[in-house]
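My questions are about this predicted structure, shown below with the sequence.
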Amino acid sequence: MKLARIARIGHAALTKDPHPPPCVLGAEDAFSSLRSSLPASFLLGTATASHQIEGGLDNDWTDWERGASREGEPHIKDRTVSGAACDSWNRIEEDIALMRRLGANAYRFSVEWSRLEPTEGAWNEEAADRYLAWALALRAAGIEPMVTLHHFTLPRWVATQGGWMKDRTIELLASFSRKVAKKLGSAVDLWCTINEPNVLATMSYVKGVFPPGLTDSRIAAQVQARMLKAHARMAEAIREADTTDADGDGRATQIGIAHHVRIFQPATRSPLDRLIAGFTDRFFNEAIASAPLTGRIELDIPGVIHIDEAVPGLLGSFDYMGINYYGRDHVRAELRDPSLSKQYVPADRPVSDLGWDIYPEGLYQVLKRYGALGLPVYVTENGIADKGGEVRPSFLRAHFEALVRAAREGVDVRGYFHWSLLDNFEWAEGYEPRFGLFRVDFDHPDKRRTPTPAVETFQEIARGLGLRPEPG
């Protein structure tokens, strides 16, 4: 059975810490062998999100950015607000030119619900027209659009009605998805319903660092279940509204979720650490992956909540599995914490500017694990906070090598989207972390973009796939 097989693979990832295998490509290859390892239709792109790059927004996050905790700590660590961000709402042509410079043939972006429906029932047709123009411009440039419908933010009017704590949000988001799919369907076939439902549930309702700032594991489980129900309704709505095959492959829609997957390594060999690491893996990683195969939501937090519910429309609702991968956490049992654990990175590990473990082997592990689902897989996000830009080239190379290794072993990997095209507003961390292939000068009136050293690495990969980066 597929679920048993991926559970075994997941258990192996929890209980082993293998040494990374030798590089499968090597510098001398300059990625020249990629065309024999990956499908001809492989998508190589970048990923962004509306709130992080567009600027000029007004939603639950813009309210959150101006607030502080009860202890007086600002919600945003560097005390910034998203504000104008990268001003990509007005500079999309410039950003498409950057994609062409990279040699990218795909771009994942999100549409902003608060911009399209600023008040309930009030549809902003001008904004919808602009998003359609983006998708058409991307296609004209030879770049496949992947559109995310919900990437963390809610319109203020939805949030004030209870947001993800209310069942009504499921139907509201399904209705929104139907409108977007009808508008953009002539140019878009690749749809991502929800970005990282497990991260939103954890950060908003366990750790309390995203709005609404709660620390209740029971509510977090209910919210994650609600988002899976929303996905099922959104997928149904998209298929009803988008009947146009934009890319000519015979399918009008391909629908999935961008699922954040982490490696959870037990801190010690103690039974309790191993038990808690396993529970963490099942809640954070497994529940979302198993849902489209079983048609059920199964979430369990020992001593807190157990959910086992069949959901109409959930079975078979994924056409692909999107994987967001950034690294690994070591897990030590901490039963007084809402998450039942302390997650950390050992002091001797290489880390990003945010202190995240740099662990390329983990991408190979998760691709093998979720490739066993029998669904095509896209790496919908992978990147590193690297303000100086010196680490990103080797990070990109090592992770892409891990992807190629998985593909050579039979995983149906269809694409890779690097996070991110641009430096951007990184949620509770503000503007301090830098994830962009292109650096953004946020103090410059034109939000000037300049290449980081990893642009050349990305171009090498593009050439290896037979793509043609344009001169900068």
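Good, I have the coordinates. Numbering: from 1, shown residues only.

Any idea how many residues pack against residue 291?
If you count neighbours by other CB atoms under 10 Å, residue 291 ends up with 24. For glycine as for every other residue, the C-beta is placed from the backbone atoms N, C-alpha and C.

In contact with it, which residues?
Contact analysis of residue 291 by CB atoms under 8 Å, 6 or more residues apart in numbering lists 228, 297, 298, 311, 314.

how near is it to residue 212?
25 Å (CB to CB, to the nearest Å).

Redo the contacts of residue 291 as TSV? Include distance to residue 246.
As requested, those are arranged in TSV below (distance: CB to CB, whole Å):
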residue	distance to residue 246
228	27
297	32
298	35
311	29
314	26
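
for the residues you listed, which one is nearest residue 243?
residue 314 (22.1 Å; CB to CB).

what sits against the closest residue in space to the closest one that isn't next to it in sequence?
Closest residue in space to residue 314, ignoring its immediate chain neighbours: residue 232 at 4.3 Å, by CB to CB, 6 or more residues apart in numbering. By CB under 8 Å, 6+ apart, the residues touching residue 232 are 311, 312, 313, 314, 317.

Give me the three-state assignment for residue 138.
Per DSSP: H, G, I helix; E, B strand; the rest coil, the local secondary structure of residue 138 is helix.

Number of residues surrounding the closest residue to it other than its chain neighbours?
Leaving aside its sequence neighbours, residue 138 sits nearest to residue 145 (CB to CB, 6+ apart; 4.8 Å). Per other CB under 10 Å, the neighbour tally for residue 145 reads 24.

so where does residue 145 fall, helix or strand?
According to DSSP states H and E, residue 145 maps onto strand 144-150.

And the following helix or strand past that strand, what does it pack against?
Scanning forward in sequence from strand 144-150 by DSSP H and E, the next helix or strand is helix 156-160. Here helix 156-160 touches helix 60-65, going by 3 or more CB pairs under 8 Å, 6 or more residues apart in numbering; DSSP states H and E.

List the contacts of the next helix or strand along the chain from the helix it packs on.
Proceeding N to C from helix 60-65, the next assigned helix or strand is helix 92-102, under DSSP H and E. Contacts with helix 92-102, where a contact means CB under 8 Å, 6+ apart, come from 45-46, 86, 88, 107, 134, 137-138, 141, 143, 421-422, 437-438, 449, 451, 455, 458-459, 462, 469-472.

show me what contacts residue 270?
Applying CB under 8 Å, 6+ apart, the residues near residue 270 are residue 333.

which phi and psi does it have?
Torsion angles at residue 270 (phi, psi; degrees, to the nearest 10) stand at phi -60, psi 140.

again with residue 322
Dihedral angles for residue 322 - degrees, to the nearest 10 - are phi -90, psi 130.

That one contacts residue 259, doesn't it?
Yes: at 5.9 Å, residue 322 counts as touching residue 259 under the criterion of CB atoms under 8 Å.

So those two - more neighbours on which side?
Set residue 322 next to residue 259 and count neighbours by other CB under 10 Å: residue 322 wins out with 31 against 26.

Tell me the pLDDT of that one.
With respect to pLDDT, residue 322 scores 98.

Report the contact partners of it.
192, 256, 257, 258, 259, 377, 378, 379, 380 are the contacts of residue 322 under CB under 8 Å, 6+ apart.

Among the residues you listed, which one sits closest to residue 207?
Distance to residue 207, by CB to CB, is smallest for residue 259 among those, at 18.7 Å.

Out of the contacts of residue 232, flag the one nearest to residue 196.
Distance to residue 196 across the contacts of residue 232 (CB to CB) is lowest for residue 317, with 17.1 Å.

How far does stretch 372-390 stretch from one end to the other?
35 Å (CA to CA, to the nearest Å).

Okay, now the unreliable bits of the stretch 1-150 of the chain?
Scanning the stretch 1-150 of the chain for pLDDT under 70 picks out the ranges 1-30, 32.

hmm, back to that, out of the contacts of residue 291, who's the most crowded?
Ranked by neighbour count (other CB under 10 Å), the contacts of residue 291 have residue 228 at the top, with 26 neighbours.

so where does that residue fall, helix or strand?
Judged by DSSP H and E, residue 228 forms part of helix 217-241.

Taking their axis directions, that helix and strand 144-150 sit at what angle?
For helix 217-241 against strand 144-150, the angle by axes from the mean of the first three to the mean of the last three CA atoms, to 10 degrees is 130 degrees.

Can you give the distance of helix 217-241 from its chain's centre?
16 Å (CA atoms, centre = their mean, to the nearest Å).

Now it: buried residues?
By 16 or more other CB atoms under 10 Å, the buried positions in helix 217-241 come out as 217, 219-239, 241.

Tell me how far residue 360 lies from residue 329.
Per CB to CB, residue 360 is found 16 Å from residue 329.

ugh, typo on my part, it should be residue 223
21 Å.

give me the element residue 368 is part of.
helix 360-371.

helices and strands around that helix, which ones?
helix 2-15, strand 254-266, strand 321-333, strand 377-381, helix 392-408.

Among those, show me which one is buried the most.
strand 377-381 (a mean of 27; mean count of other CB atoms under 10 Å).

for that one, packing partners?
Using 3+ CB pairs under 8 Å, 6+ apart as the test, strand 377-381 ends up in contact with strand 43-47, strand 254-266, strand 321-333, helix 360-371, strand 413-418.
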